[in-house]
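Undergrad: Show me how the following folds:
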Amino acid sequence: MEAALLGLCNWSTLGVCAALKLPQISAVLAARNARGLSLPSLLLELAGFLVFLRYQCYYGYPPLTYLEYPILIAQDVILLFCIFHFNGNVKQAMPYVAALASSWFVLALQKWIIDLAVNFCTFISAASKFTQLQCLWKTRDSGAVSALTWSLSAYTCATRIITTFMTTNDFTILTRFVIMLALNIWVTVTVLRYRKTAMKAE
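TA: Next up is the predicted model:
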């Protein structure tokens with residue numbers, strides 16, 4: 001029973017993450033603008049994903065418990081290029097991509113670096129959500145922000161809470177997923193709220 005639940009959570013998380021950012025990418029491409037999306041939020045999210053992936057690889061955790069992160073990072077990089085494309089200069093994305101790529105190697109140089117980084121990872125990821133919330137509060141317009149993407153993010157956090165309990169039981173990872181679950185739900189509700197406001201105004 002436990003093995004079946006673990007398998008269901010792992011594979012459903014991978015399945016959801018394979019398409020997690022596609023509604024957001026699709027919404028940006030359809031709107032032909034990145035209105036409502038926060039670049040700082042996306043960069044913080046990317047940094048958080050990268051640190052978290054590196055931490056789990058470094059400590060040799062089971063691949064099925066973190067395999068979604070390379071997929072999410074790839075989709076976020078596509079989204080990053082979309083934002084810069086619609087803001088008029090794709091080349092401006094390159095320094096960010098280079099910094100993220102080089103940090104992969106720096107994080108694993110010493111054990112204390114990766115341990116310190118993962119403790120900041122939760123704050124980085126939480127900051128990315130708050131940055132997106134601030135962008136929504138400021139503009140009062142959900143624009144091209146996809147509620148489906150944020151609700152799917154909440155789902156994956158919930159499944160990862162279960163899989164972490166059943167495998168590594170790492171307190172740092174559990175804390176991160178609980179906080180991210182709450183914040184993803186908050187962003188989803190905010191996006192839907194401003195979407196309804198915009199529809200009433202029309």
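Undergrad: what's the spacing between the most centrally placed residue in the chain and Phe165?
TA: With the centre of the chain defined as its mean C-alpha position, the nearest residue by Cα atoms, centre = their mean is Glu45, 5.0 Å away. In this view, Glu45 and Phe165 are 24 Å apart by Cβ to Cβ, to the nearest Å. (Glycine included, C-beta is placed from N, CA and C.)
Undergrad: How about Ser12?
TA: According to Cβ to Cβ, Ser12 and Phe165 sit 16 Å apart.
Undergrad: do the same with Ala182
TA: Distance, Ala182 to Phe165, using Cβ to Cβ: 17 Å.
Undergrad: do Val77 as well
TA: Using Cβ to Cβ, one gets 31 Å for the distance from Val77 to Phe165.
Undergrad: the more surrounded of those two?
TA: A count of neighbours by other Cβ atoms under 10 Å puts Val77 above the other of Val77 and Phe165, at 18 against 15.
Undergrad: correct me, but the more buried one touches Leu46?
TA: Yes - using Cβ atoms under 8 Å, Val77 is in contact with Leu46, at 7.3 Å.
Undergrad: shared neighbours of the two, which are they?
TA: Between them, Val77 and Leu46 share no contacting residue under Cβ atoms under 8 Å, 6 or more residues apart in numbering.
Undergrad: Gln56: neighbour count?
TA: A total of 20 residues lie near Gln56 under the criterion other Cβ under 10 Å.
Undergrad: again but with Tyr194, I slipped
TA: There are 20 residues near Tyr194, going by other Cβ under 10 Å.
Undergrad: buried stuff in the longest helix along the chain?
TA: Secondary structure of the chain per DSSP state H: the longest helix is helix 171-201. For helix 171-201, the neighbour count (16 or more other Cβ atoms under 10 Å) marks 173, 176-181, 183-188, 190-191, 194 as buried.
Undergrad: quick one: what helix or strand has Val16 in it?
TA: Per DSSP states H and E: Val16 is located in helix 2-18.
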